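> Here is a sequence together with a model predicted from it:
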Amino acid sequence: MRFDIVTLFPELFAPFLESGVTRRAYASGQVEVRLWNLRDHAEGNYRRVDDRPFGGGPGMVMMAEPLARCLAAIRADRADDGAPVVLFSPIGRPLDHGAVEAWSTSPGAILLCGRYEGLDQRFIDRHVDAQISLGDFVLSGGEIAAMALLDAVARLQPGVLHDEGSHQLDSFNPALDGLLDCPHYTRPEVWEGQGVPEELLSGHHARIERWRRDQRLALTARHRPDLIAAARAAGRLAGEDEAALARLL
């Protein structure tokens, strides 16, 4: 898959693409990333990409023409393969596990990293196919959001994680019925007077799995009751799960 990223700050991506376990996905070409500096497609000595908003008000707005030129260059480089154009924006669909899984098996996309007060709406109306949000807050630009999407997609590629089954136990994964993950412990067995739950030391696999399931249920009920409601509605909670919730809460 290939992701083309339109940004005013391509230098932000170099350490991200070369660090951590997900670098394997980029180095192997499983997730190809190409960076496009928007200023390379602007005119004039100053390579201007923004201007004052009509109607007045604070801030600047990214101009449609440099964006259109950059997009045309990307389309030509991709042999106009019909890749969707994605804008990171507060009005977009929240990025969740289901969306990440869909992107992880897609041919990729063209990602727009906005800055300032946003993009000229006429460019959005004509060229943007989808909008994505990381949550109900505003960032200085779309670069962090683009990295979040890339990281989430890259770690789902075969061979990227040390353990192929690792992501199956992630929070929100359908393999866990969409619940949050359980707490984890490692050596030493006692740290600052706190021990490890005895179930994890029992060596009894069924007991360990029941403890983990119960903890997932309890954590999810406390912190994301909406996920419990969704699991109930989908019929994913058994009688034993309901009994555990009643007992633990």
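Right, received. Where do you want to start?
> avg pLDDT for the lengthiest strand in the chain?
Ranked by residue count under DSSP state E, the longest strand found in the chain is strand 85-94. For strand 85-94, mean pLDDT is 96.
> and what of stretch 222-239?
96.
> Show me which positions of it end up buried.
Arg224, Leu227, Ile228, Ala231, Leu237 (16 or more other Cβ atoms under 10 Å). The C-beta positions use only the backbone N, C-alpha and C, and glycine is treated the same way.
> which among those gets closest to Gly203?
Nearest to Gly203 among those: Leu237, at 27.6 Å, using Cβ to Cβ.
> Let me see the contact set for that closest one.
The contact partners of Leu237, by Cβ atoms under 8 Å, 6 or more residues apart in numbering, come to Asp177, Leu217, Ile228, Ala231, Leu245.
> Widest-spaced pair of these?
Within these, Asp177 and Leu245 form the most distant pair, 12.8 Å apart (Cβ to Cβ).
> what about Ala99, which SS state?
With DSSP: H, G, I helix; E, B strand; the rest coil as the basis, Ala99 sits in helix.
> Surely it and Ile132 touch.
Yes: the pair Ala99 / Ile132 is scored as a contact, 7.5 Å apart, by Cβ atoms under 8 Å.
> Name the residue in those two with the higher neighbour count.
Ile132 (22 against 16; other Cβ atoms under 10 Å).
> Number of residues surrounding the nearest residue to the more buried one once chain neighbours are set aside?
Distances taken as Cβ to Cβ, 6 or more residues apart in numbering put Gly92 closest to Ile132, at 4.3 Å, once the chain neighbours are dropped. Residues lying near Gly92 (other Cβ under 10 Å) number 16.
> ok, Gly92 - contacts?
Applying Cβ under 8 Å, 6+ apart to Gly92 gives the contacts Ala130, Gln131, Ile132, Ser133.
> can you check Leu149 too?
Leu149 is in contact with Leu95, Val100, Trp103, Leu111, Ile132, counting by Cβ under 8 Å, 6+ apart.
> Identify each buried residue in stretch 181-200, please.
For stretch 181-200, by 16+ other Cβ under 10 Å, it's Asp181, Cys182, Leu200.
> let me fix that: stretch 143-163
143, 145-147, 149-157, 160-161.
> Alpha carbons only: can I get it in CSV?
What follows is stretch 143-163, C-alpha atoms only, in CSV (Å, rounded to 0.1, in the frame of the first residue of the first chain):
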residue,chain,number,x,y,z
GLU,A,143,1.0,15.7,10.7
ILE,A,144,0.5,14.1,14.1
ALA,A,145,-2.8,12.7,12.9
ALA,A,146,-1.1,11.3,9.7
MET,A,147,1.5,9.7,11.9
ALA,A,148,-1.1,8.1,14.1
LEU,A,149,-2.9,6.6,11.1
LEU,A,150,0.4,5.3,9.6
ASP,A,151,1.5,3.8,12.9
ALA,A,152,-1.8,2.1,13.5
VAL,A,153,-1.8,0.7,10.0
ALA,A,154,1.9,-0.3,9.9
ARG,A,155,1.7,-2.4,13.1
LEU,A,156,-1.0,-4.6,11.6
GLN,A,157,1.1,-5.6,8.6
PRO,A,158,2.4,-9.2,8.7
GLY,A,159,5.8,-9.6,10.3
VAL,A,160,6.0,-6.1,11.7
LEU,A,161,5.4,-7.0,15.4
HIS,A,162,7.6,-9.5,17.1
ASP,A,163,4.6,-11.7,17.9
